[in-house]
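**Q** compute the structure for the input listed below.
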Amino acid sequence: EKAFYLSFDTVTPTGKRFVLGLDVSGSMCATIAGSCISAREASAAMAMLVMRTEKRCHPMAFSHELVPSRITAADDLATVLRKVDAIRMGGTDCALPMLWAAERGVKADVFVVYTDSETWAGAVKPAEALRRYRETMGIDAKLIVVGMTSGGFSIADPDDAGMLDVVGFDSSAPQVMQDFVAGAV
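**A** Model prediction:
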């Protein structure tokens, strides 16, 4: 476990403003194929990496509604999981982080949505929510959707270079995401 936390020190901060959206719907309890961890555990670990690396983060949790996740950069994985497990579950609306930020005037350069393969149950699709956020805030924000399992999903608009779908839980994912945020890919 100590090596897990020490590995966070190898990631270079981007200096960007992040809104993290952790899916807390019931389907996140499913185990990721080929592993012994759940989608919820994987998303918590990846969110912890961003929380400990980036100074400006708004960690949120969502299912059918969006709520503060109350996780902090100082939390260990067990604490993050306890806090996430305490949040009421419902359907999955991956657009909520962008809609919330636009409604409240929260400045963000990057939205990261951690989910499984069940990706949309709301009135606004996530790609459209990001476009609305950009228009409302005047910020060319990026969206990264991390699908812990694959059901052939795509939330990001493939014609928009500011949106990225990541599928699976792989040790190279954080570097790919960092390069995307930095504009290197």
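**Q** so the residue nearest the centre of the chain bridges to which residues?
**A** By CA atoms, centre = their mean, the chain has its centre lying nearest to residue 113, at 2.8 Å. For residue 113, the beta-bridge partners are residue 21, residue 145 (DSSP bridges).
**Q** wait, it touches residue 99, no?
**A** No - between residue 113 and residue 99 there is no contact, the gap being 11.9 Å when judged by CB atoms under 8 Å. Where C-beta positions appear, they are placed from N, C-alpha and C, glycine not excepted.
**Q** quick one: residue 76 from residue 82, how far?
**A** The gap separating residue 76 from residue 82 is 10 Å, by CB to CB, to the nearest Å.
**Q** could you do residue 170 as well?
**A** If you measure residue 170 against residue 82 using CB to CB, the figure is 26 Å.
**Q** and if you look at residue 177?
**A** Residue 177 is 25 Å from residue 82, where distance means CB to CB.
**Q** more neighbours: which of these two?
**A** residue 177 (23 against 13; other CB atoms under 10 Å).
**Q** neighbouring contacts of the helix or strand of the chain with the lowest mean pLDDT?
**A** Taking mean pLDDT, DSSP states H and E as the measure, the helices and strands of the chain show their lowest mean at helix 2-6, namely a mean of 78. Identification of contacts with helix 2-6 by CB atoms under 8 Å, 6 or more residues apart in numbering yields 45, 76-77.
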